[in-house]
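> missing the sequence, but the structure's below:
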């Protein structure tokens, strides 16, 4: 089976064994086996966009190639990503994620075939299969978003052909990726629960809300605003809400809150764990848990921090100065704060004894959806409406609880769509900073090239996607195309 061959390529022991037969004959016998296999897909390739298992996942790389995140170490893949964007074309991490996404889609396709033969209730089987297909949609979205499309290996017969020809399937275009996700949503949406309640053991698994959010994001990136508005309105009917206090969205004490559409359960001191704090906080930053490891890799750039209104409560999770463990006062622009501030979105896990914390990582949250809905409404109406203004004000009201004068009025924009677009891009930056959406937003709003040239004057306009691994392009004989500029 091809998927088994793909994984074996990375092993040091090159003796071939038929692992797929072992899994099929000895493992896939019960519903419990099936659930374990689906859960494994979540923790592996299925959630490749998450920050939970390291700093070089797609979400982190995406933020580093936006305009607000700095890689503080002056060498390595992160430095190339945040300072040279794609022009350096040196980073193994930037192109290696492509292979993991293709493998993940293939793994999901193989898993679907195995689930078909496991004895269980029809409705249970349908839910597991819908989860796997939803995870496959998630990988296809990230593949389109970051790599301008990946090979979608969804034919089990092709995957059974180990000649290698099946692997070299042309990459899906943006249109094909969007059409694929749209078709999948239509077929599987009713087999998923709308959402899971706080405390439910299945919280973090795919739901209608999560799948619709994936579809919404894909539609928005392709400027399909009419369909996007329809999808966003469906999400608002599921029953999500906003957490009253911005700081409480991300705390370990408030996991599974009403704003969380999809999160990745993490456990302290285990893999996968939440490594957000380890990457954002510096080693001399004071905290109550001496066993917590902090590397200080990422910084939020000062020019971006300065764009906030000083009264914005969201600034409370950005460190602009602190007294270090040794008593030294670290001020803005000095030492560990030379390149920017620290982000405290995920609070300290007192149980952590290293860099893996137990805070569940949030991938999609409701505030993002409300802002996307406001954007779609404005685009569909040629300018902001009162409804669009009200949606944005739901977000701003939380950010400025004691300053009602900071809320927008429809007259502030005088029906001007471009003015409202600029305000939305700013609002999304202030609300969703360091949550892996900034690069998407800059591309969608047509601002990426402009901002990239500010970072690297040698940046090639239009080169907004990561490179495809050259070895794949070469070995495919041109079937797998390289992105422009490489």
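Structure received. In this text, all values refer to a predicted model and were calculated from it rather than measured experimentally. Numbers count the residues shown, from 1 in each chain.
> hey, where'd the strands end up in the stretch 301-450 of the chain?
Secondary structure of the stretch 301-450 of the chain (DSSP state E, counting those that start in this stretch): strands located at 318-319, 322-323, 329-330, 340-343, 361-365.
> To clarify, my last question referred to the stretch 1-150 of the chain.
Going by DSSP E, counting those that start in this stretch, the stretch 1-150 of the chain shows strands at 69-71.
> quick revisit: quick one, which of the strands of the stretch 301-450 of the chain is nearest to residue 177?
For residue 177, the closest of these is strand 361-365, at 18.0 Å, according to CB to CB. Every C-beta, even on glycine, is put in place using the N, C-alpha and C of the backbone.
> Show me what the mean pLDDT comes to for the closest one.
Averaging pLDDT along strand 361-365 gives 93.
> same question, stretch 129-145
Stretch 129-145 comes out with an average pLDDT of 95.
> quick check, distance from that stretch to the centre of its chain.
In terms of CA atoms, centre = their mean, to the nearest Å, the centre of stretch 129-145 is found 12 Å from the chain centre.
> where exactly do the helices run in the stretch 351-486 of the chain?
366-381, 386-399, 417-432, 438-444, 448-455, 470-475 (DSSP state H, counting those that start in this stretch).
> Over to the stretch 51-200 of the chain?
Using DSSP H, counting those that start in this stretch, the helices of the stretch 51-200 of the chain run over 58-64, 76-84, 92-115, 122-147, 156-159, 174-188.
> Now do the nearest residue to residue 41 once chain neighbours are set aside: how many residues are near it, please.
Among residues not flanking residue 41 along the chain, residue 135 sits closest, at 5.7 Å (CB to CB, 6 or more residues apart in numbering). Counted by other CB atoms under 10 Å, the residues lying close to residue 135 total 27.
> quick one: residue 135 and residue 223, what's the gap?
Using CB to CB, to the nearest Å, we find residue 135 at a distance of 26 Å from residue 223.
> Equivalent analysis for residue 460, please.
23 Å.
> on that earlier part again, with respect to burial, which of the helices of the stretch 51-200 of the chain scores highest?
helix 58-64 (a mean of 25; mean count of other CB atoms under 10 Å).
> Which other helices and strands does it contact?
Applying 3 or more CB pairs under 8 Å, 6 or more residues apart in numbering; DSSP states H and E, we find helix 58-64 packed against helix 76-84, helix 92-115, helix 122-147, strand 298-301, helix 438-444.
> Adding distance to residue 274 as columns, could you present these in CSV?
Below are those laid out as CSV (distance: least, CB to CB, whole Å):
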stretch, distance to residue 274
helix 76-84, 19
helix 92-115, 19
helix 122-147, 19
strand 298-301, 14
helix 438-444, 20
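> of all the ones you listed, which lies closest to residue 362?
helix 122-147 (14.4 Å).
> how big is the angle separating that closest one from helix 92-115?
On the basis of axes from the mean of the first three to the mean of the last three CA atoms, to 10 degrees, helix 122-147 is oriented at 160 degrees to helix 92-115.
> what's the nearest residue to residue 408 once chain neighbours are set aside in contact with, if anything?
Once flanking residues are discounted, residue 408 sits nearest to residue 389: 5.2 Å by CB to CB, 6+ apart. Applying CB atoms under 8 Å, 6 or more residues apart in numbering to residue 389 gives the contacts 374, 408, 409, 410, 413.
> Confirm for me that the residue nearest to residue 41 is in contact with residue 42.
Yes. With contact defined as CB atoms under 8 Å, residue 135 reaches residue 42; the gap is 6.8 Å.
> ok, residue 366 to residue 475 distance?
Counting by CB to CB, the gap from residue 366 to residue 475 is 44 Å.
> So between these two, which is more surrounded?
Between residue 366 and residue 475, residue 366 has the larger neighbour count (other CB under 10 Å), namely 25 against 13.
> List the residues that contact the residue nearest to the more buried one when sequence neighbours are not counted.
Closest residue in space to residue 366, ignoring its immediate chain neighbours: residue 240 at 4.1 Å, by CB to CB, 6+ apart. Residue 240 makes contact with 195, 209, 258, 259, 261, 366, 369, according to CB under 8 Å, 6+ apart.
> cutoff 10 Å now
By CB atoms under 10 Å, 6 or more residues apart in numbering, residue 240 lies in contact with 194-195, 209, 213, 257-261, 364-367, 369-370.
> Let me know the closest of the residues you listed to residue 178.
Proximity of the contacts of residue 240 to residue 178 was ranked by CB to CB; the top entry is residue 213 with 14.5 Å.
> tell me the angle of the strand or helix carrying the closest one relative to helix 122-147?
Element membership for residue 213 (DSSP states H and E) is helix 208-221. Interaxial angle, helix 208-221 versus helix 122-147 (the same axes, to 10 degrees): 30 degrees.
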